[in-house]
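# Okay, sequence plus prediction incoming.
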Amino acid sequence: MNFSASVLTLYPEMFPGALGLSLAGRAMERGDWSLEPIQIRDFAFDKHRTVDDSPAGGGAGMVMRADVLARAIDHAAPEGDPRPKLLMSPRGKPLTQARVRELAAGPGVVILCGRFEGVDQRVIEARELEEVSIGDFILSGGEPAALVLLDAVVRLLPGVMGNERSGEEESFENGLLEHPHYTRPQEFEGRPIPDVLISGNHARIAAWRHDQSEKLTAERRPDLLARNSSDGRG
């Protein structure tokens, strides 16, 4: 079964965007995966195609309406659709490489891109939306986050990457950041390639790379080392 993504958005013209290029774009052309952007306004109830209203209890901004969103979600994912339904949200659970791999192993995703102040909580609960965050910062809408998530997932689909091992030796795959990389020329502005990498000793190379990964992780993401220790990897 090919991977199928449906994206509910107020700006369908933002898709496929970068996903139409490079590895993801070629995979889409081959039919390895498909992307359907869906205009949320098409499911509004009035001639003005209204999708939002003022927040209950007062406050700034507007909130996306539960009834409109429910119609859009039910169109994209009718009863029996096995795809997980995601809401890109800064208050969501942080996206991890492990979750990306889970999604890539499934039939696809339905992604709701929020706008304005947020989404009516009732549709999140009624349609069992999984809130997902790509980081501790605020975007103008969920579309850029959806593009990021899809890029991370699509590159792991079978046949998308030329070298399947590429996806196994990257940051976060083993709980560590990725080791440094080098290529020709052998010396650049007085900086040579480390001798171990041109030694031909694969055991030493593997040990050096692992040591470098641990050092980088300790410097830049000590939280990952703490997490590895707590789940028994340390």
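Cool, the structure landed.

# Settle this for me: residue 179 is touching residue 213, isn't it.
Yes - checked against Cβ atoms under 8 Å, the pair residue 179 and residue 213 is within contact range at 4.7 Å. For glycine as for every other residue, the C-beta is placed from the backbone atoms N, C-alpha and C.

# Could I get the full set of strands for the chain?
Applying DSSP state E to the chain gives strands spanning 3-9, 33-39, 52-53, 63-64, 85-94, 108-113, 118-119, 130-133, 187-188, 191-192.

# Tell me which of the ones you listed lies nearest to residue 173.
Residue 173 lies closest to strand 85-94 among the strands of the chain, at 16.4 Å (Cβ to Cβ).

# which neighbours does the closest one have in its sheet, and in what orientation?
Paired neighbours of strand 85-94 in the sheet (DSSP bridges): strand 108-113 (parallel), strand 130-133 (parallel).

# got a markdown table for those strands, with mean neighbour count too?
What follows is the strands paired with strand 85-94, written out as a markdown table (neighbours: other Cβ atoms under 10 Å):
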| stretch | mean neighbour count |
| --- | --- |
| strand 108-113 | 26 |
| strand 130-133 | 18 |
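
# list the buried ones in the helix or strand bottoming out on mean pLDDT in the chain?
For the chain, using mean pLDDT, DSSP states H and E, the weakest element among its helices and strands is helix 222-230, scoring a mean of 82. Under the neighbour-count criterion of 16 or more other Cβ atoms under 10 Å, helix 222-230 has 224, 225, 228 buried.

# quick one: contacts for the second one?
Going by Cβ atoms under 8 Å, 6 or more residues apart in numbering, residue 225 touches 176, 214, 217, 218, 234.

# Nearest the geometric middle of this structure, what residue?
For the chain, residue 149 is the residue whose C-alpha lies nearest the centre (Cα atoms, centre = their mean; 1.7 Å).

# Can you tell me how far it is from residue 116?
Taking Cβ to Cβ, to the nearest Å as the criterion, residue 149 is separated from residue 116 by 20 Å.

# Kindly report the same for residue 39.
Per Cβ to Cβ, residue 39 is found 16 Å from residue 116.

# Also residue 28?
In terms of Cβ to Cβ, residue 28 sits 30 Å off from residue 116.

# Repeat that for residue 199.
Distance of residue 199 to residue 116, computed by Cβ to Cβ: 58 Å.

# now whichever helix in the chain runs longest: how far from the chain's centre is it?
For the chain, the helix reaching the highest residue count under DSSP state H is reported as helix 202-220. Offset of helix 202-220 from its chain centre (Cα atoms, centre = their mean, to the nearest Å): 26 Å.

# What residues of it count as buried?
Within helix 202-220, the residues scored as buried using 16+ other Cβ under 10 Å are 205, 208, 209, 212, 213, 216, 217.

# May I see those organised as a markdown table, with pLDDT and distance to residue 194 added?
Listed next are the buried residues of helix 202-220 as a markdown table, based on pLDDT from 0 to 100; distance: Cβ to Cβ, whole Å:
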| residue | pLDDT | distance to residue 194 |
| --- | --- | --- |
| 205 | 97 | 9 |
| 208 | 97 | 7 |
| 209 | 96 | 10 |
| 212 | 97 | 9 |
| 213 | 95 | 14 |
| 216 | 96 | 14 |
| 217 | 95 | 18 |
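
# quick one: contacts for the closest residue to residue 140 other than its chain neighbours?
Nearest non-adjacent residue to residue 140, counting by Cβ to Cβ, 6 or more residues apart in numbering: residue 115, 7.8 Å away. Listed by Cβ under 8 Å, 6+ apart, the contact set of residue 115 reads 10, 52, 64, 140, 141, 142.

# By neighbours, which of the residues you listed wins?
The most neighbours of any of those, using other Cβ atoms under 10 Å, belong to residue 142, which has 28 neighbours.
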